[in-house]
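> Output the structure for:
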Amino acid sequence: MRSLRGGHGFDLVLCSPMMRARRTAELAGLCGADGSVRHFEVDPDLCEWDYGELEGRVTQEIRGQYPGWSIWDGPWPGGESASSVTERADRVIARVVDSAASSVALVGHGHFSRALAGRWVGDGIGVGRWLELDTASVSELGWSRGERVLRRWNLTAGAA
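Okay, here's the model as predicted:
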């Protein structure tokens with residue numbers, strides 16, 4: 001894996017509007033401290049799954065109120081439904097596929113990125129439940145023999 005700081009160029013860089021994602025893009029060398037970069041665009045579709053009333057609560061606490069709860073199955077009181085997350089993921093994928101870019105960097109958030117990967121390979125967002133994704137990791141979605149694939153997943157600095 002080439003380091004993002006090592007000069008790998010991207011034709012298109014899309015980033016969640018959340019400050020933590022933009023900071024990640026900065027640290028990865030995808031944009032400057034002032035937000036400047038070639039082709040850098042904020043895409044609201046890359047925001048994290050909206051947890052609604054569950055925001056800031058840990059799974060164990062949520063399961064005390066909703067036994068068996070998971071982000072993949074809900075419920076999401078006051079938050080974003082799985083169908084809404086699916087629609088956002090599909091819009092991101094369409095934007096990437098329809099662009100003339102041969103190399104795209106997406107900077108987003110854990111659960112949404114896992115959902116996006118499920119949609120990338122032609123399945124539902126629930127596939128994300130089986131795709132662990134560490135903070136500040138790098139994953140690569142790509143193509144093999146005309147099929148969308150997960151080329152690399154959850155690579156951290158020590159694994160590069």
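
> phi, psi of the nearest residue to P17 once chain neighbours are set aside?
With sequence-adjacent residues excluded and distances taken as CB to CB, 6 or more residues apart in numbering, P17 is closest to V42, at 4.7 Å. Bear in mind the C-beta positions are built from the backbone N, C-alpha and C, glycine included. The phi/psi pair for V42 (degrees, to the nearest 10) reads phi -80, psi 130.

> V42 touches M19, doesn't it?
No - in terms of CB atoms under 8 Å, V42 does not count as a neighbour of M19; the distance is 11.0 Å.

> okay, those two: which has more neighbours?
The residue with more neighbours, out of V42 and M19, is V42; 16 against 8, by other CB atoms under 10 Å.

> who's in contact with that one?
In this structure, V42 makes contact with L14, C15, S16, P17, R22, judged by CB atoms under 8 Å, 6 or more residues apart in numbering.

> Among these, find me the one that's closest to V149.
The nearest member of the contacts of V42 to V149, counting by CB to CB, is L14 at 20.0 Å.

> about what we covered before: just the contacts of V42: which are in helices?
For the contacts of V42, the ones inside helices are R22, with DSSP state H as the criterion.

> Which of the contacts of V42 scores worst on pLDDT?
Per-residue confidence across those is lowest for R22, with 85 (pLDDT).
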